[in-house]
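[1] whatever this is, show me its structure:
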Amino acid sequence: MAGNLIIAINRQYGSGGKEIGTKLAKDLGIPIYDQEIPEMAAKKSGIRKDYFEKVDEKPTDSFLYALAMNTFSMNGTMNPFDHALSSDRLFNIQAEVIQDLAKEGPCVIIGRCAEYILRDEPNRISVYICSPMEKRIERICRLYQLSEKEAQKKIMSIDKKRDSYYGYYAGKDWRGCSSYNLSIDSGILGIENTVEMLKNYIQLRQK
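    Okay, here's the model as predicted:
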């Protein structure tokens, strides 16, 4: 399998997708990119990092953003979501960073529509990590010391944002099987076995 191997992971919140991606990258000896992408986009563009973080994997609507961010202009400060710094523009800069990373070498990329952005890359492997709600609630409660009700509310909110973000930019259902090479229920397999399954799949692809 010639060229750079790029593993793009989308994940339900609380499914352990980031942990799975991190362990997979470590086992393969390749870098993983997640929160580093907004920082890279800031360095590439000269735009402040927090502007990218405001729209990072969140749904976008130009009219609603204009209303929500109107306080900047009312306060006499620059509106970061004007035409030059619209959420679409910020997305495109991050997309350029993701494309640059794919050219640099093998890596794992978490979220941010990387699966869609790199859709024409023959060596891209797209993965969707899911898990039953009760498993995700248990995980979020354990990690963040939240009640079950608080954890479920957070899960539903973040999943909705990721779904809207993906639907807006990729024009597809975030959960649709046709969008991915592999969809795995980490709630059944667990973190370690999910990583092993991904490594086995990669080995078969490389043959």
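[2] which neighbouring elements make contact with whichever helix or strand residue 52 is part of?
    For residue 52, the host element (DSSP states H and E) is helix 49-54. The contact analysis (3 or more C-beta pairs under 8 Å, 6 or more residues apart in numbering; DSSP states H and E) places helix 49-54 against helix 36-45, helix 87-104. C-betas here are computed from N, CA, C, even on glycine.
[3] how about the ones you listed, which one is nearest residue 121?
    The closest of the helices and strands packed on helix 49-54 to residue 121 is helix 87-104. By C-beta to C-beta, the value is 5.8 Å.
[4] what about the strands in the protein?
    Along the chain, counting by DSSP state E, strands occupy 6-11, 32-33, 107-110, 124-130, 182-185.
[5] coming back round to it: I'd like the helices and strands packed on helix 49-54 as CSV, with mean pLDDT appended.
    Shown next, in CSV, are those (pLDDT from 0 to 100):
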stretch, mean pLDDT
helix 36-45, 94
helix 87-104, 94
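[6] any chance of the ones you listed in a markdown table, plus mean neighbour count and distance to residue 189?
    Shown next, in a markdown table, are these (neighbours: other C-beta atoms under 10 Å; distance: least, C-beta to C-beta, whole Å):
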| stretch | mean neighbour count | distance to residue 189 |
| --- | --- | --- |
| helix 36-45 | 18 | 27 |
| helix 87-104 | 18 | 27 |
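[7] any chance of those helices in TSV, plus distance to residue 16?
    Below are those laid out as TSV (distance: least, C-beta to C-beta, whole Å):
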stretch	distance to residue 16
helix 36-45	19
helix 87-104	22
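[8] of those, which is nearest residue 168?
    helix 87-104 (8.9 Å).
[9] against which helices or strands is the closest one packed?
    helix 36-45, helix 49-54, helix 62-68, strand 107-110, helix 114-117.
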